[in-house]
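S.K.: how would this look folded up:
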Amino acid sequence: MNKKTVYNFLLIITFSLLLIYSCDDTITQEDLDNKIIPSSNVSYSQHIQPVFDAKCNYAGCHNDRDLAGGLSLTNYYNTTSDYLIVAPGLPDNSKLVWAIEGRGTNPMPPVGRWPLTKNQINGIRTWIKEGAKNN
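M.R.: Have a look, this model is predicted:
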């Protein structure tokens, strides 16, 4: 091989590695727990669904396959399909709030799972209070 071919090959490998490593959008548990949910104008897609994805939708729990307690929190429709689970505008009437605040018969998450932070609980409560919008 000539020098130009070796140079081009190394350039392609270097570029590929940079592309692969720069595309890492993994959110760690610590990153999620440190992300502050605002006290108003809570966005379902930016604030609530990421919490559900990290803390509620894992294997054996509230995903589309396992449906723990008959509940999936994988998307907006599933989350809000039962008015008893999420009562838009009425967080104190929502079983989801009861569970995450430890006031229901089945507090969530169960022992041994990553607990929700106070900010995450308040964020979910605020999202419901603001009408549980798909925003």
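S.K.: how far does stretch 96-104 sit from the chain's center?
M.R.: 17 Å (Cα atoms, centre = their mean, to the nearest Å).
S.K.: Residues touching it, excluding its own?
M.R.: With Cβ atoms under 8 Å, 6 or more residues apart in numbering as the test, stretch 96-104 has contacts from 79, 85-86, 91, 95, 106-108, 116, 121, 124-125, 128. All C-beta spots, glycine's among them, are computed from the backbone N, C-alpha and C.
S.K.: From residue 123, how far out is the residue most central in space within the chain?
M.R.: Centroid-nearest residue in the chain, with Cα atoms, centre = their mean: residue 50, separated by 2.1 Å. To residue 123, residue 50 is 10 Å away according to Cβ to Cβ, to the nearest Å.
S.K.: Then residue 64?
M.R.: 23 Å.
S.K.: Go through the contacts of stretch 96-104 and say which is closest to residue 30.
M.R.: Distance ranking of those against residue 30, using Cβ to Cβ, places residue 116 first at 14.1 Å.
S.K.: does that closest one really touch residue 51, like I thought?
M.R.: Yes. Counting by Cβ atoms under 8 Å, residue 116 touches residue 51, with 6.8 Å between them.
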